[in-house]
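> okay, here's the prediction I keep looking at, along with the sequence it came from:
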Amino acid sequence: MNSEHQFDGHKGSFFIEKEGKRLAEMVYVMAGTKKMIIEHTEVDESLKGQGVGVKLLEALVEFVRKEEIKVIPLCP
């Protein structure tokens, strides 16, 4: 199960899809060019307990380290 990344220049998400349906996602918005606010993370019940949230977080961490972006976690 691989995560994907979508970004439109201002907001984006790391997500996992199956058969065209988004089953997990971590949504963010940029607050300037080098700051990112994590707004929302959700994992479908069918994937609970499989470490999917951790996979999304790992993809996010890899991205922000590469791009030297600071993260502001507002997602509860």
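Sure thing, it's come through.
> give me phi/psi at residue 18?
phi -140, psi 120 (degrees, to the nearest 10).
> so what's it bridging to?
Residues in a beta bridge with residue 18, per DSSP bridges, are residue 21.
> measure how buried it is and give me the count.
12 (other CB atoms under 10 Å). Using the backbone N, CA and C atoms, a C-beta is placed for each residue, glycine as well.
> any idea of the pLDDT on it?
pLDDT, residue 18: 91.
> where does the protein have low pLDDT?
Scanning the chain for pLDDT under 70 picks out the ranges 75-76.
> what residues does stretch 32-47 touch?
Under the criterion CB atoms under 8 Å, 6 or more residues apart in numbering, residues 16, 23-31, 52-53, 56, 60, 64, 67-75 lie in contact with stretch 32-47.
> could you pull out the strands for this protein?
Secondary structure of the chain (DSSP state E): strands located at 4-7, 11-18, 21-30, 35-43, 70-73.
> what's the angle from the third one to strand 35-43?
Put plainly, it is strand 21-30. Strand 21-30 runs at 160 degrees relative to strand 35-43, counting by axes from the mean of the first three to the mean of the last three CA atoms, to 10 degrees.
> surely residue 16 meets residue 3?
Yes: using CB atoms under 8 Å, residue 16 is in contact with residue 3, at 5.4 Å.
> which neighbours do the two share?
The contact lists of residue 16 and residue 3 share 24, 55-56, where a contact means CB under 8 Å, 6+ apart.
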